[in-house]
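>>> prediction below, plus the sequence it came from.
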Amino acid sequence: MVKKTMHAKKGSTSILIVIMMVVLMILGLAILTMALSNKRLSDKKIDWKADYYTLESSANRVISQIMLEVDAINQKQVSKEGGFLNIDSLLSDAASHHTMPDFTTAEPAQLKMTITAQNSNKNLNICLLVVEDKQDKVLRLKILEYRQWQ
């Protein structure tokens, strides 16, 4: 009787080994899939940061040039109309889209520009406010909006 029950359990270890191998293969595939998705996500994040910092450096360059023009207007090195024409040409060169108000009638004036990345559809929207201080008769530049793409 003992020999009969031993004979009945003879292939059970092979079945357990096959089941363990299948479980380990499924676990390995799950870990591999997670690792690949993490790599894709980190590559996307690297691309996003590179595009963002490229756009931000372009925007900072344009804003600093606009600030130099405003300072030139304030120091009477350039006329108000000439300075605003220079600002308009700066915006048309650097931004993919911009709006330039009529500075002779608009007080305060808002400059709006969109800077778009060259290799993608990502953009940065910036809204600047140019106000004239009534006491000092100087122009001031304020950043109202600095919004990245969604």
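Received, thanks. Numbering: from 1, shown residues only.

>>> and Val23, how far is that from Leu36?
21 Å (Cβ to Cβ, to the nearest Å). (Glycine included, C-beta is placed from N, CA and C.)

>>> can you point me to the longest helix in this protein?
Across the chain, the helix with the greatest residue count (assigned by DSSP state H) is helix 12-74.

>>> mind checking how far that one is from the chain centre?
13 Å (Cα atoms, centre = their mean, to the nearest Å).

>>> and that helix, what does it pack onto?
Under the contact definition 3 or more Cβ pairs under 8 Å, 6 or more residues apart in numbering; DSSP states H and E, helix 12-74 sits against helix 80-94, strand 109-116, strand 123-132, strand 139-148.

>>> check the ones you listed for me: which has the lowest mean pLDDT.
Among the helices and strands packed on helix 12-74, strand 139-148 carries the lowest mean pLDDT, at a mean of 76.

>>> what about dumping the CA coordinates of that one to CSV?
What follows is the C-alpha trace of strand 139-148 in CSV, where atoms were taken according to Å, rounded to 0.1, in the frame of the first residue of the first chain:
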residue,chain,number,x,y,z
LEU,A,139,8.4,103.7,-17.9
ARG,A,140,8.3,100.5,-15.8
LEU,A,141,8.1,96.9,-17.1
LYS,A,142,6.2,94.3,-15.1
ILE,A,143,5.7,90.6,-15.9
LEU,A,144,2.0,89.9,-15.6
GLU,A,145,1.9,86.3,-16.9
TYR,A,146,4.6,83.7,-17.5
ARG,A,147,2.7,80.6,-18.5
GLN,A,148,4.1,77.4,-20.0
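
>>> which residues are in contact with that strand?
Strand 139-148 has contacts (Cβ atoms under 8 Å, 6 or more residues apart in numbering) with 52, 55, 59, 63, 66-67, 70, 73-74, 110, 122, 124-133.

>>> try stretch 121-134
48, 51-52, 55-56, 58-59, 63, 66, 70, 96, 103, 107-117, 138-149.

>>> now a PyMOL select for only the buried ones of these.
Per 16 or more other Cβ atoms under 10 Å, the buried members of these correspond to this PyMOL selection:
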select buried, resi 51+55+58+59+63+66+70+103+109+110+111+112+113+114+115+116+117+139+141+149
